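A.B. asks: Predicted model and sequence follow; I will ask about them next.
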Number of protein chains: 2
Amino acid sequence: MSLPIFYIESAAAVNDIMTLPEEASKHIIQVLRKGIGEQVLLTDGTGNLLTAEIINDHKKKCGVRITQGQHTPAPGRQITIAISLLKNTSRFEWFLEKATEIGVQAIIPLLCERTEREHFRHDRMKSILVSAMLQSQQSWLPVLHEPISYEQLFRQEVVIGTAQKFIAHCMEDARKDLRNEAVSSLPSQIILIGPEGDFTPGEVSLALEHQFVPVTLGNNRLRTETAGVVAATLLRLI
Amino acid sequence: MSLPIFYIESAAAVNDIMTLPEEASKHIIQVLRKGIGEQVLLTDGTGNLLTAEIINDHKKKCGVRITQGQHTPAPGRQITIAISLLKNTSRFEWFLEKATEIGVQAIIPLLCERTEREHFRHDRMKSILVSAMLQSQQSWLPVLHEPISYEQLFRQEVVIGTAQKFIAHCMEDARKDLRNEAVSSLPSQIILIGPEGDFTPGEVSLALEHQFVPVTLGNNRLRTETAGVVAATLLRLI
């Protein structure tokens, strides 16, 4: 059975000693009942996977010594999904979990004209990404940006520097098929997913002015979070 | 704004008069406050989309006359997803909703060796499929089979008659990439998705004996319901 794995904010070197966060300590010592000498895995979400041996079984401040470390490089191709916040927060949280399992490198919550929610609990959303990363045995955490307005999006470095840019929308205008457009040999892709009521014609025009390619994700009308997961699947698995 | 749409168990012909189910009646008359002469859309989930005019505004037995009917043929290619029931029912329900949005023609709940739930509320699961169909403006409802044991699966007509058969699993054995295997010119595909603990080696062997091709859905380890949605996406959008 594989070792239990926990998230730490930053990595440490072999032989370093560190104190684990309270939540991880409690889980290791009280729930799993691990003791001195037993091992756990730790990841910082930037590719570092550390093996650690328990040296102090304090249930709130578990002490460990790092015994081994390995580093997984980031995926060669970076995928960013910029997606509207949703009125139903649990649907947005489903998307965060699934996007992490499938393998997305950055998520930008968007505030579009028709977005019905502004409130965003960053810590809660990040903890969902962390849980999904740990559960799927990965060591890279998607970067979760703060929500930004649609117009601000086009001034972000991550957007300007991305090799391929797509916007998915439901209007009848000519759109290309994402499956035929995304190229796996290019280093990065970003796709924009709109709110429950879709992007406005003005928002689509603004994207086209910034060289975004309008795409469709198939023949059916998808909910926002479904479109996000379909897009993540198509982009990751080209 | 498009007309509200409701599910009916079987279609009717133009000029026929029918009484709508209580739930639909209540929604139309009390919630939407539609009145005599106004229109609604009805679908039976087998491709029929009917326009109906209200002739009796009874809040439990709304009467309508069918004024128009159109039929959408079933998709040329039929996709079946046979997927283990899950301990967490809401995750399974999430899969049902997303599979319907993306466009799957049949869903077979499986009871595998490692499946952690046996109880299955057919009516509730079907209502989730109906809601997803209506919300995504489709008129074809996925067929929802009763749960069957893994071994029974291989005796089902729908399985025997399917053109391409796949089993997704997480063991290290050689597997092909689903994206390269599925062929859009063939009339049907089925894929098997295992429970939280994956299929057993014995279950995989049984599938191979029945000419199922073992496949992977990418490099990451996916939850069951995520694997189901990824598989639905890859199969529908080849």
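C.D. replies: Cool, got the structure.
A.B. asks: For the residue of chain A found nearest chain B, list the residues it contacts.
C.D. replies: Here the residue of chain A nearest chain B is A:T233; by C-beta to the nearest C-beta that distance is 4.5 Å. Placement of C-beta: from N, CA and C, glycine included. A:T233 is in contact with A:102, B:229-230, B:233-234, counting by C-beta atoms under 8 Å, 6 or more residues apart in numbering or on different chains.
A.B. asks: From the centroid of chain A, which residue is nearest?
C.D. replies: For chain A, the residue sitting closest to the mean C-alpha position, by C-alpha atoms, centre = their mean, is A:P142 at 3.1 Å.
A.B. asks: Let me see the contact set for that residue.
C.D. replies: Counting by C-beta under 8 Å, 6+ apart, the residues that A:P142 touches are A:96, A:99-100, A:104-107, A:129, A:133.
A.B. asks: if we can go back for a sec, tell me which entries of the contacts of A:T233 lie within helices.
C.D. replies: A:102, B:229-230, B:233-234 (DSSP state H).
A.B. asks: okay, those residues in JSON lines with distance to B:P4 and pLDDT next?
C.D. replies: Output for the ones in helices among the contacts of A:T233, formatted as JSON lines (distance: C-beta to C-beta, whole Å; pLDDT from 0 to 100):
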{"residue": "A:I102", "distance to B:P4": "34", "pLDDT": "98"}
{"residue": "B:V229", "distance to B:P4": "27", "pLDDT": "98"}
{"residue": "B:V230", "distance to B:P4": "32", "pLDDT": "98"}
{"residue": "B:T233", "distance to B:P4": "29", "pLDDT": "98"}
{"residue": "B:L234", "distance to B:P4": "33", "pLDDT": "97"}
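A.B. asks: buried stuff in the worst-scoring helix or strand of chain A on mean pLDDT?
C.D. replies: Sorting the helices and strands of chain A by mean pLDDT, DSSP states H and E puts helix A:157-160 at the bottom, at a mean of 87. For helix A:157-160, the neighbour count (16 or more other C-beta atoms under 10 Å in any protein chain shown) marks A:158-159 as buried.
A.B. asks: same deal with stretch A:105-117?
C.D. replies: A:105-113, A:115, A:117.
A.B. asks: go on, stretch A:40-50?
C.D. replies: A:40-45, A:47-50.
A.B. asks: Ok, stretch A:70-79 next?
C.D. replies: Neighbour counts over stretch A:70-79 (16+ other C-beta under 10 Å) mark A:77-79 as buried.
A.B. asks: next one: stretch A:11-19
C.D. replies: A:11-12, A:18.
A.B. asks: Would you mind naming what in chain A lies close to chain B?
C.D. replies: Residues of chain A lying close to chain B by C-beta under 8 Å from any C-beta of the partner chain are A:94, A:98, A:101-103, A:135-138, A:179, A:217-223, A:226, A:229-230, A:233-234, A:236-237.
A.B. asks: Drop anything exposed from the residues you listed.
C.D. replies: A:94, A:98, A:101-103, A:136, A:138, A:179, A:217-218, A:220, A:222-223, A:226, A:229-230, A:233-234, A:236-237.
A.B. asks: got a list of what A:I29 touches?
C.D. replies: Shown in contact with A:I29 (C-beta under 8 Å, 6+ apart): A:57-59, A:62.
A.B. asks: before we move on, what SS does it have?
C.D. replies: Here A:I29 is helix, with the state taken from DSSP: H, G, I helix; E, B strand; the rest coil.
A.B. asks: Please determine how far it is located from A:A12.
C.D. replies: As for A:I29, its distance to A:A12 is 19 Å (criterion: C-beta to C-beta, to the nearest Å).
A.B. asks: likewise A:T51?
C.D. replies: Per C-beta to C-beta, A:T51 is found 12 Å from A:A12.
A.B. asks: what touches both of those two?
C.D. replies: Counting by C-beta under 8 Å, 6+ apart, the common neighbours of A:T51 and A:A12 are A:I66.
A.B. asks: Now stretch A:166-180: buried residues?
C.D. replies: So, applying 16+ other C-beta under 10 Å, buried residues of stretch A:166-180: A:166-169, A:175, A:178-179.
A.B. asks: tell me the mean pLDDT for it?
C.D. replies: The average pLDDT within stretch A:166-180 is 94.
A.B. asks: before we move on, what about stretch A:142-155?
C.D. replies: The pLDDT scores in stretch A:142-155 average 97.
A.B. asks: How about stretch A:34-49?
C.D. replies: Stretch A:34-49 comes out at a mean pLDDT of 97.
A.B. asks: Let's see that stretch as CSV, backbone CA atoms only.
C.D. replies: Provided in CSV are the C-alpha atoms of stretch A:34-49 (Å, rounded to 0.1, in the frame of the first residue of the first chain):
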residue,chain,number,x,y,z
LYS,A,34,1.6,6.6,12.5
GLY,A,35,4.5,6.6,15.0
ILE,A,36,8.2,7.5,15.2
GLY,A,37,10.2,5.8,12.5
GLU,A,38,7.3,5.5,10.1
GLN,A,39,7.3,7.2,6.8
VAL,A,40,5.1,9.7,4.9
LEU,A,41,5.3,11.4,1.5
LEU,A,42,5.3,15.2,1.2
THR,A,43,4.8,17.4,-1.9
ASP,A,44,5.0,21.2,-2.3
GLY,A,45,3.1,21.2,-5.6
THR,A,46,6.0,22.3,-7.7
GLY,A,47,7.3,18.9,-8.6
ASN,A,48,9.0,17.9,-5.4
LEU,A,49,8.1,14.7,-3.8
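A.B. asks: and it, how far out from the chain's middle?
C.D. replies: 21 Å (C-alpha atoms, centre = their mean, to the nearest Å).
A.B. asks: which residues are in contact with that stretch?
C.D. replies: With contact meaning C-beta under 8 Å, 6+ apart, stretch A:34-49 is reached by A:2-11, A:20, A:28, A:50-57, A:64, A:66-67, A:69-74, A:130, A:133-134, A:139-141.
A.B. asks: Could you say which helix or strand holds A:V40?
C.D. replies: Secondary-structure assignment from DSSP states H and E places A:V40 in strand A:39-43.
A.B. asks: before we move on, the earlier item: want to try JSON lines for the contacts of A:T233, with distance to A:I160 as columns?
C.D. replies: Listed next are the contacts of A:T233 as JSON lines, based on distance: C-beta to C-beta, whole Å:
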{"residue": "A:I102", "distance to A:I160": "25"}
{"residue": "B:V229", "distance to A:I160": "31"}
{"residue": "B:V230", "distance to A:I160": "30"}
{"residue": "B:T233", "distance to A:I160": "29"}
{"residue": "B:L234", "distance to A:I160": "31"}
